[in-house]
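Novice: here are the coordinates; sequence isn't available:
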């Protein structure tokens, strides 16, 4: 626990960004932007591995914008927010489906394998055991998994949101333990080496710079559509 606390404070001191550090003490917020960052630091989201395959191409990434999107147990639906510049988004669009994987708190190495780098440069699923599936690759060594088929897609600038039916699901024996803990953002950052944290920061900053153009174009299109509708 002492090591985790020390790492967390080190990361805070080096200003890793609003999604990768947290603060235990209230901090006066001089601006709405900082106030938003401080509020979001209270959220410790689950880590999901998202996988997809289109033909011989396959890949995956780490995502936290994953959520149940229906309360009907007879027709479970999930929603996933994926950046459009990522290789996995390209595969999801081509294949029309994806796999979702929850990890245990001890599976930080597996998560970091999917969090760093691009599937365009290497096969992130290499050397991993994958379950037989007619769709997305399903990683055997996970806490729980969902195989999903896209039913709708909505593009919002820096994220594509995919609503998907759950076709199949499974969980490991470890998931039946009432005390099992899922891997979350803070656990992942605390487990990363300094070099891995630097790689995560580079990925984050590169995405922000690239996606700002997507967001600006998306907002311009919204304003143009609203102006057109107002003139009718």
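Specialist: Okay, I see it. All of these numbers come straight from a predicted model, not from anything done at the bench. Residues are numbered from 1 along each chain as shown.
Novice: okay, CA-based contacts and neighbour counts for the rest of this
Specialist: Fine.
Novice: where along the protein do the strands fall?
Specialist: Under the criterion DSSP state E, strands of the chain are mapped to 48-54, 57-63, 66-68, 77-82, 97-102, 130-131, 138-139, 144-155, 160-171.
Novice: contact partners of stretch 133-142?
Specialist: 51-53, 58, 95, 97-104, 128-132, 145, 147, 171-172 (CA atoms under 8 Å, 6 or more residues apart in numbering).
Novice: okay, now residue 69: neighbour count?
Specialist: Residues lying near residue 69 (other CA atoms under 10 Å) number 14.
Novice: distance check, it against residue 99.
Specialist: Distance, residue 69 to residue 99, by CA to CA, to the nearest Å: 16 Å.
Novice: with residue 219 instead?
Specialist: With CA to CA as the criterion, residue 219 and residue 99 are 30 Å apart.
Novice: got it, and residue 218?
Specialist: With CA to CA as the criterion, residue 218 and residue 99 are 27 Å apart.
Novice: between these two, which one's more packed in?
Specialist: residue 99 (26 against 16).
Novice: wait, that one touches residue 48, no?
Specialist: No: with contact defined as CA atoms under 8 Å, residue 99 does not count as touching residue 48 (9.7 Å).
Novice: what's the PyMOL syntax to select whichever of the contacts of stretch 133-142 are buried?
Specialist: Buried members of the contacts of stretch 133-142, defined by 16 or more other CA atoms under 10 Å, are picked up in PyMOL with:
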select buried, resi 51+52+53+58+95+97+98+99+100+101+102+103+104+145+147+171
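Novice: please name the residues that touch the most centrally placed residue in the chain.
Specialist: Against the mean C-alpha coordinate of the chain, by CA atoms, centre = their mean, the closest residue is residue 63 at 0.8 Å. Counting by CA under 8 Å, 6+ apart, residue 63 makes contact with 47, 48, 49, 50, 81, 82.
Novice: now the phi/psi pair for the first one, please.
Specialist: The phi and psi values for residue 47, taken as degrees, to the nearest 10, are phi -90, psi 130.
Novice: hmm, residue 67 and it touching each other?
Specialist: No: counting by CA under 8 Å, residue 47 does not reach residue 67; the two are 11.4 Å apart.
Novice: looking at these two, which is more packed in?
Specialist: Ranked by neighbour count (other CA under 10 Å), residue 47 and residue 67 place residue 47 first, with 26 against 13.
Novice: any low-confidence regions in the chain?
Specialist: 1-30 (pLDDT under 70).
Novice: longest helix of it?
Specialist: Criterion DSSP state H: the longest helix present in the chain is helix 194-230.
Novice: quick one: list the elements packing against that one.
Specialist: On a contact count with 3 or more CA pairs under 8 Å, 6 or more residues apart in numbering; DSSP states H and E, helix 194-230 meets no helix or strand.
Novice: ok, residue 109 to residue 131 distance?
Specialist: Counting by CA to CA, the separation of residue 109 from residue 131 is 20 Å.
Novice: that'll do, ta.
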